[in-house]
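Visitor: below is the structure, and that's it, no one-letter string:
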């Protein structure tokens with residue numbers, strides 16, 4: 001039952017991912033890259049949470065089997081029955097050892113998943129970083145090359161150059177537009193980190 005629940009959670013997570021991907025395609029072209037990257041981060045986090053839950057449920061199931069095996073192997077009987085139970089106990093001990101090994105492996109994988117999730121939560125998405133300063137943007141603006149930059153960094157660049165800092169292709173205009181959507185996503189990400 002626990003495994004069925006874990007599989008159902010993973011399937012629901014996959015269905016949510018597909019719905020998110022479909023809704024991203026309908027979004028504004030200027031924000032679609034940022035939306036896709038944010039949804040990828042959310043998808044990764046949801047996927048890892050689903051895997052973590054499935055592993056925890058599997059570990060609980062193994063613990064229950066181990067407890068059941070110990071309880072069953074502890075009841076004595078007559079001589080013939082005792083020999084049969086002794087054999088069963090040896091088989092159960094062997095299975096118990098296998099389950100312990102499997103449990104340790106699952107715990108190791110769970111630790112790896114938790115570390116990966118923690119690292120993903122701590123690292124800012126690449127689109128939050130200015131391609132010039134490599135720092136999280138405070139005042140992101142959209143240049144005519146279609147990329148977002150920190151306002152002061154791109155303004156300094158454009159004083160000396162007429163090309164894109166990312167592609168080195170000449171710009172048709174030096175006009176900069178505020179990227180309110182990206183700024184909002186960055187602020188939301190910072191608030192989430194401050195809470196966690």
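Guide: Yep, it's here. Predicted, not measured: the structure shown is a model, and the values here were computed from it. Numbering: from 1, shown residues only.
Visitor: what's the burial count for residue 163?
Guide: Burial of residue 163 is recorded as 14 neighbouring residues (other C-beta atoms under 10 Å). In this view, the C-beta of every residue, glycine as well, is placed from N, C-alpha and C.
Visitor: correct me, but it touches residue 171?
Guide: Yes. When contacts are counted by C-beta atoms under 8 Å, residue 163 is listed as touching residue 171 (6.4 Å).
Visitor: quick one: contacts for the nearest residue to residue 155 once chain neighbours are set aside?
Guide: Leaving aside its chain neighbours, residue 155 sits nearest to residue 176 (7.3 Å; criterion: C-beta to C-beta, 6 or more residues apart in numbering). If a contact means C-beta atoms under 8 Å, 6 or more residues apart in numbering, then residue 176 has 141-143, 151, 154-155 as its contacts.
Visitor: for those residues, which one is nearest residue 99?
Guide: residue 142 (56.1 Å; C-beta to C-beta).
Visitor: per-residue confidence at that closest one?
Guide: For residue 142, the pLDDT comes out at 96.
Visitor: next: residue 37.
Guide: For residue 37, the model assigns a pLDDT of 56.
Visitor: that older thread, for residue 150, see how far away the residue nearest to residue 155 is.
Guide: Distance of residue 176 to residue 150, computed by C-beta to C-beta, to the nearest Å: 11 Å.
Visitor: and the residue nearest to residue 155, how far from residue 165?
Guide: Taken as C-beta to C-beta, the spacing of residue 176 relative to residue 165 amounts to 12 Å.
Visitor: joint contacts of those two?
Guide: Between them, residue 176 and residue 165 share these contacting residues under C-beta under 8 Å, 6+ apart: residue 154.
Visitor: what ranges do the helices span in the protein?
Guide: Under the criterion DSSP state H, helices of the chain are mapped to 2-25, 29-72, 79-122, 151-160, 180-195.
Visitor: what's the burial count for residue 159?
Guide: The local packing of residue 159 (other C-beta under 10 Å) involves 8 other residues.
Visitor: read off the pLDDT value for it.
Guide: According to the predicted model, the pLDDT of residue 159 comes to 95.
Visitor: and for residue 88?
Guide: Value for residue 88, per-residue pLDDT: 82.
Visitor: number of nearby residues for it?
Guide: Applying the criterion other C-beta under 10 Å, we find 13 residues in the vicinity of residue 88.
Visitor: same check on residue 167?
Guide: 11.
Visitor: one more: residue 124?
Guide: 15.
Visitor: how much space between the closest residue in space to it that isn't next to it in sequence and residue 158?
Guide: Spatially, and ignoring its direct neighbours in sequence, residue 124 is nearest to residue 136 (5.4 Å; C-beta to C-beta, 6+ apart). In this structure, residue 136 and residue 158 are separated by 21 Å, where distance is defined by C-beta to C-beta.
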